[in-house]
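Colleague: Everything below, folded, please.
(one chain, ligands or ions: 1)
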Amino acid sequence: MSDDATAKNKSPLAGVSLTFLAPADDAQTTPSAAASPDARSGEPISARVVIVGSGPAGLTAAIYTARANLGPIVIGGVVGGGQLMITSEVENYPGFPDGIQGPELMGLFRQQAERFGARIVDADVDRVDLGSRPFRLWAAGVEYLADSVIVATGAEALWLGIDSETRLRGKGVSACATCDGFFFRDKEIAVVGGGDSALEEALYLTHFASKVHLVHRRDAFRGSKIMQARAAAHPKIELHLNRTVAGIEGKDHVEALRMGRTDEPGEETIPLDGVFIAIGHRPNVAVFRDWLETDEKGYLRAEGATTASNIDGVFVAGDVDDHRYRQAVTAAGEGCRAAIDVERWLEAREPHETEKTAAGATTSR
Ligand SMILES: Cc1cc2nc3c(=O)[nH]c(=O)nc-3n(C[C@H](O)[C@H](O)[C@H](O)COP(=O)(O)OP(=O)(O)OC[C@H]3O[C@@H](n4cnc5c(N)ncnc54)[C@H](O)[C@@H]3O)c2cc1C
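Modeller: Okay, here's the model as predicted:
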């Protein structure tokens, strides 16, 4: 099927399902750690590696550390699966030539991690003590003692917070131009925001859209002068300054954008097919903020070319330390890197222990 045909056969981002797939019947699942005897007894649960987050980064780290026989516990968040759970069609994850629904893809990640024995706890880590080893983490009233930790808590896209935006998310409303731009070939869309990301996304989306409305609530953009000049000069981009989003119209998919004005009374409505919200991302670092170094944008910092954090034995992976690429495949890649870094780190500290536990491994990387 040609690109055009593929795009036309799908309504933009239609149909979001939030179900995390149940593991297949033949999967060798392990009971969740929250329900384990250790947890019931109130005793802390010990693990060679605890992974925080169950998006592409966390679950890839789980697959690798489980296959290395490190018995990972994934404390994956109350809402597991990460950001792909709020998107529909994923067409750029390799290995799925016809595309795959985001929740389905994350269900497969989870199934694969559980197949190798990763224990997944659907809870949020609400406190950590990374001051000495074993590291201590608390989630849903259970304490975990970890020889090593991988932080893969992702970064949340910021939304405007209006009802119509939530209702039409995945049905023409998106927060990821790289991911969803392709669905808007020859369509008219809007980008909301005033920083460099909004300008970049607007310029990127001109490759697909017939017209891009760039909507910003102030009288000038915050982004760099060069990006502003590029956007202003682009024949497909129309600037709308001093405009707020009053509402996104449409029953099952986006049909129009209703804009209010900040400089004078009145509203105007533009018919269009998609709205990209580009007002920033917030890395999920709250519980680690007192321990782990962040960069100037608030993302966790990895040391040099590795995934090591500033604390020996704590590693970081995925969108929580990456504000440049922010893709499922790059997050998964980082999860793999972090798992290999953990494995080597543990091996260097406890060569005998690692040999002993690795002896039962059935497969190797
Ligand atoms: C609308 C949208 C559409 C997208 N579409 C695509 C696409 O088509 N293709 C693509 O490649 N990428 C896409 N992306 C980007 C992609 O989803 C991310 O790059 C990727 O999910 C990042 O993976 P991650 O594992 O680093 O973090 P996340 O996926 O964000 O996962 C982080 C996990 O950590 C958990 N967590 C956070 N805090 C805690 C805590 N304290 N304790 C325990 N758990 C915690 C969260 O609940 C979450 O489950 C899209 C993003 C959005 C917003």
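Colleague: Show residues contacting the host helix or strand of Val74.
Modeller: Here Val74 sits within strand 73-75, counting by DSSP states H and E. Strand 73-75 is contacted from outside by 33, 45, 47, 49-54, 58-59, 62, 113, 118-121, 123-125, 137, 139, 144, 146, using Cβ atoms under 8 Å, 6 or more residues apart in numbering. Where C-beta positions appear, they are placed from N, C-alpha and C, glycine not excepted.
Colleague: After the helix or strand where Val245 lies, which helix or strand is next? Please name it.
Modeller: Assigned by DSSP H and E, Val245 belongs to strand 243-249. Sequence order places strand 256-261 as the next helix or strand after strand 243-249, per DSSP H and E.
Colleague: Now do that next one: everything it contacts.
Modeller: Identification of contacts with strand 256-261 by Cβ under 8 Å, 6+ apart yields 190, 213, 215, 240, 242-250, 266-272, 275.
Colleague: Now with 7 Å, please.
Modeller: Residues from elsewhere that reach strand 256-261 (Cβ atoms under 7 Å, 6 or more residues apart in numbering): 190, 215, 240, 242-250, 267-272, 275.
Colleague: mind listing what it pairs with, with the direction of each?
Modeller: If you go by DSSP bridges, strand 256-261 pairs up with strand 243-249 (antiparallel), strand 267-271 (antiparallel).
Colleague: Distance from it to the middle of the chain?
Modeller: With Cα atoms, centre = their mean, to the nearest Å as the basis, strand 256-261 stands 29 Å off its chain's centre.
Colleague: How about it, which residues are buried there?
Modeller: Residues Ala256, Leu257, Met259, Arg261 are the ones in strand 256-261 that count as buried (16 or more other Cβ atoms under 10 Å).
Colleague: what do you get for stretch 121-129?
Modeller: Buried residues in stretch 121-129 (16+ other Cβ under 10 Å): Val121, Asp122, Ala123, Asp124, Val125, Val128.
Colleague: what do you get for stretch 57-77?
Modeller: In stretch 57-77, counting by 16+ other Cβ under 10 Å, buried: 57-77.
Colleague: Contacting the ligand as well, which ones from those residues?
Modeller: Ala57, Gly58, Ile75, Gly76, Gly77 (Cβ under 6 Å from any ligand atom).
Colleague: Rebuild those as a markdown table, extending it with pLDDT.
Modeller: As requested, these are arranged in a markdown table below (pLDDT from 0 to 100):
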| residue | pLDDT |
| --- | --- |
| Ala57 | 98 |
| Gly58 | 98 |
| Ile75 | 98 |
| Gly76 | 96 |
| Gly77 | 94 |
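Colleague: now, among those, which is nearest to Cys336?
Modeller: Nearest to Cys336 among these: Ala57, at 8.9 Å, using Cβ to Cβ.
Colleague: Can you tell me the number of residues neighbouring the residue nearest to that closest one when sequence neighbours are not counted?
Modeller: The spatial neighbour of Ala57 that comes closest, neighbours along the chain excluded (Cβ to Cβ, 6 or more residues apart in numbering), is Gly318 at 2.7 Å. Neighbours of Gly318 under the rule other Cβ atoms under 10 Å: 35.
Colleague: Tell me how far Gly318 lies from Gly274.
Modeller: 26 Å (Cβ to Cβ, to the nearest Å).
Colleague: Which other helices and strands does the longest helix seen in the chain contact?
Modeller: As assigned by DSSP state H, the longest helix anywhere in the chain is helix 328-349. Contact partners of helix 328-349 among helices and strands, from 3 or more Cβ pairs under 7 Å, 6 or more residues apart in numbering; DSSP states H and E: helix 56-67, strand 142-151, strand 314-316.
Colleague: which outside residues touch stretch 198-207?
Modeller: For stretch 198-207, with Cβ under 7 Å, 6+ apart as the criterion, the contacting residues are 177, 181, 184, 189, 191, 212, 214, 221, 223, 227-228, 230-231, 234, 236-237, 276, 278.
Colleague: Whichever of the residues you listed end up buried, select them in ChimeraX.
Modeller: Applying 16+ other Cβ under 10 Å to the contacts of stretch 198-207 leaves a buried subset, and the ChimeraX line that selects it is:
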select :177,181,184,189,191,212,214,221,223,227,228,230,231,236,237,276,278
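Colleague: Filter the contacts of stretch 198-207 down to just the ones in strands.
Modeller: Among these, the members falling in strands (DSSP state E) are Ile189, Val191, Val212, Leu214, Ile237, Phe276.
Colleague: so Gly318 makes contact with Ala152?
Modeller: Yes - under the contact definition of Cβ atoms under 7 Å, Gly318 touches Ala152, with a separation of 4.6 Å.
Colleague: Pull up the gap between the closest residue to Tyr93 other than its chain neighbours and the ligand, please.
Modeller: Closest residue to Tyr93 apart from its sequence neighbours, by Cβ to Cβ, 6+ apart: Ala328 at 5.5 Å. Between Ala328 and the ligand the computed distance is 3 Å (Cβ to the nearest ligand atom, to the nearest Å).
Colleague: Using TSV, lay out the buried residues of stretch 121-129 together with distance to the ligand, secondary structure and pLDDT.
Modeller: Formatted as TSV, these follow (distance: Cβ to the nearest ligand atom, whole Å; DSSP: H, G, I helix; E, B strand; the rest coil; pLDDT from 0 to 100):
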residue	distance to the ligand	secondary structure	pLDDT
Val121	9	strand	96
Asp122	9	coil	95
Ala123	7	coil	96
Asp124	4	coil	97
Val125	4	strand	98
Val128	9	strand	98
